[in-house]
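*Asks:* Sequence unavailable; structure follows:
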């Protein structure tokens with residue numbers, strides 16, 4: 001049976017389920033120790049993580065502007081940055097994790113909502129591909145170096161290869177209504193893949209670096225290779241729509257995965273909480289845009 005994501009019960013579950021997970025982690029992983037580690041966190045590392053989060057937002061705004069421009073949508077840089085901060089704030093505070101992306105597509109739509117929506121969708125998907133690329137390289141290397149146990153297996157690698165192979169076929173044989181999106185992907189990604197790739201890797205690297213800085217603040221020393229292999233797997237949990245900005249699911253994934261690199265469960269959860277706090281703080285400039293009734297009407 002298809003779940004109506006707009007149903008009140010589903011919206012309630014998006015808040016209750018993450019809170020329940022956090023409550024269980026607090027009880028079974030010694031919440032007092034988690035709180036103690038958070039209180040002792042090194043503020044210098046946290047500030048570094050916050051700075052990286054801001055850098056990531058600026059890079060994302062530039063990638064969005066680049067993609068929109070390739071699709072024929074004029075989007076000034078200051079508008080892209082402003083709307084991206086608003087989108088980040090909404091994604092961090094509204095259940096589901098995509099409200100901000102829908103908002104920025106609508107607020108700059110001009111007279112072509114399809115093109116505006118395509119620019120936002122392509123920008124988000126290319127970001128996930130950057131994270132996937134890092135994971136597919138780092139995870140096998142980390143296992144071969146003995147930094148991570150072989151029992152993690154090659155499932156993420158196999159899934160990534162399958163997605164990479166299936167996506168071109170899906171676009172080729174898509175129904176007619178998706179052909180326009182296929183053309184958008186060709187123009188916005190394939191035709192400029194070197195620049196899109198560099199941006200995707202840089203933005204994914206910012207995510208990983210910010211998480212690693214939060215780990216350092218808690219006192220966990222993650223090697224660069226271990227961070228590149230584990231952080232993408234942890235952050236995948238943030239894509240689960242049954243939450244608010246991934247809270248609960250991200251902490252559970254951290255408690256399961258970071259101990260494989262020698263961290264304690266309490267430190268892993270404290271790291272994830274610190275990371276969640278930093279990305280929320282980095283999104284706070286978006287608060288000042290909430291009362292703006294509409295955004296920039298981009299010209300085609």
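*Replies:* Nice, thanks for sending it over. All of these numbers come straight from a predicted model, not from anything done at the bench.
*Asks:* Would you map the helices across the stretch 201-300 of the chain?
*Replies:* Here the stretch 201-300 of the chain has its helices, by DSSP state H, counting those that start in this stretch, at 224-236, 249-257, 265-283.
*Asks:* Can you check what angle separates the second one from helix 265-283?
*Replies:* Same thing as helix 249-257. Comparing the axes of helix 249-257 and helix 265-283 via axes from the mean of the first three to the mean of the last three C-alpha atoms, to 10 degrees yields an angle of 150 degrees.
*Asks:* just to revisit the earlier point, out of the helices of the stretch 201-300 of the chain, nearest to residue 32?
*Replies:* helix 265-283 (9.2 Å; C-beta to C-beta). Quick note: C-beta positions are derived from backbone N, CA and C, even for glycine.
*Asks:* What angle do helix 224-236 and the closest one make with each other?
*Replies:* If you take the same axes, to 10 degrees, helix 265-283 sits at 70 degrees to helix 224-236.
*Asks:* Show me what helix 265-283 is packed up against.
*Replies:* Counting contacts by 3 or more C-beta pairs under 8 Å, 6 or more residues apart in numbering; DSSP states H and E, helix 265-283 is packed against helix 31-39, helix 43-70, helix 77-93, helix 193-218, helix 249-257.
*Asks:* what angle separates the second one from helix 265-283?
*Replies:* Pointing back at helix 43-70 there. Calculated by the same axes, to 10 degrees, helix 43-70 forms an angle of 50 degrees with helix 265-283.
*Asks:* Could you tell me the average pLDDT over helix 43-70, please?
*Replies:* Taken as a whole, helix 43-70 carries a mean pLDDT of 93.
*Asks:* If you count neighbours, what's buried in it?
*Replies:* Residues 45-46, 48-50, 52-68, 70 are the ones in helix 43-70 that count as buried (16 or more other C-beta atoms under 10 Å).
*Asks:* Run through the protein and note the low-pLDDT ranges.
*Replies:* By pLDDT under 70, the low-scoring segments of the chain are 1-12, 14, 96-97, 110-112, 151-193, 290-300.
*Asks:* Mind naming the longest helix for it?
*Replies:* As assigned by DSSP state H, the longest helix anywhere in the chain is helix 113-144.
*Asks:* List the buried residues for that helix?
*Replies:* 115-124, 126-136, 138-140, 142-143.
*Asks:* next one: stretch 93-108
*Replies:* Those would be 94-105, 107-108, for stretch 93-108 by 16+ other C-beta under 10 Å.
*Asks:* Which one of these is nearest to residue 28?
*Replies:* Nearest to residue 28 among the buried residues of stretch 93-108 is residue 95, at 24.9 Å by C-beta to C-beta.
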